[in-house]
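> sharing a sequence plus its predicted fold:
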Amino acid sequence: MRLVTEQQAQEHKWSELNALLETTKKSGSKHDVAGVLRLHALEVFKEGRDHLALAQKAQRTQILASWPPGGIIGRLRIIGCADSCPACQEVIGKVFTVEEALKEMPIPPKNCTGSTKRPEQHGWCRCCWVPEIDD
């Protein structure tokens, strides 16, 4: 009976996640790609590594899939949870044009601590975008 080492298990996990991302990219669904990018960011977060760039890439992909620049939705509002960290509380309720959101990428905030018990790391941000509709 052959035992699998921790390193082999990690390599297998990342091989599978990368294959999933490539397959999803070929499907053409940006929503699905954003979801897989979030999975990647979550796994990096669980490993205690800096996941901010991947989380922002997932957010950017989601914005482009849901509200492309020049579309009928021109502005986006950040929403979050009542118990969001101070960094998230600073951005909750702010409104951005789609173009500003894509340029600034305010969520996840760089110093987000989310709901985790690991303040030395970026937290797992629970903020998200919603379209701002004119009355």
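Yep, it's here.

> isn't residue 51 right next to residue 39, touching?
No: with contact defined as Cβ atoms under 8 Å, residue 51 does not count as touching residue 39 (11.0 Å). Where C-beta positions appear, they are placed from N, C-alpha and C, glycine not excepted.

> more neighbours: which of the two?
Legend: neighbour count by other Cβ atoms under 10 Å for residue 51 and residue 39, higher for residue 51 (24 against 16).

> quick check on that one: phi, psi?
With angles defined as degrees, to the nearest 10, residue 51 sits at phi -110, psi 0.

> any idea how far residue 43 is from it?
To residue 43, residue 51 is 8 Å away according to Cβ to Cβ, to the nearest Å.

> hang on, residue 88 packs against residue 109?
Yes: checked against Cβ under 8 Å, the pair residue 88 and residue 109 is within contact range at 6.1 Å.

> higher neighbour count, these two?
Between residue 88 and residue 109, counting by other Cβ under 10 Å, residue 88 is the more crowded of the two (26 against 23).

> give me the element that one is part of.
helix 86-91 (DSSP states H and E).

> likewise residue 76?
strand 75-79.

> quick one: strands adjacent to that strand?
Within its sheet, strand 75-79 is paired with strand 95-97 (antiparallel), strand 128-131 (antiparallel), according to DSSP bridges.

> pLDDT averaged over it, what's the number?
Mean pLDDT, computed over strand 75-79, is 96.

> give me the buried positions along it.
76-79 (16 or more other Cβ atoms under 10 Å).

> related to what we said a few turns ago, so what sits against both of residue 88 and residue 109?
125, 127 (Cβ atoms under 8 Å, 6 or more residues apart in numbering).

> where are the low-confidence patches of the protein?
By pLDDT under 70, the low-scoring segments of the chain are 1, 115-123, 135.

> make it 90
Confidence mapping of the chain against pLDDT under 90 gives the ranges 1-15, 17-18, 20, 27-29, 42-43, 45-51, 68-72, 81-86, 110-126, 133-135.
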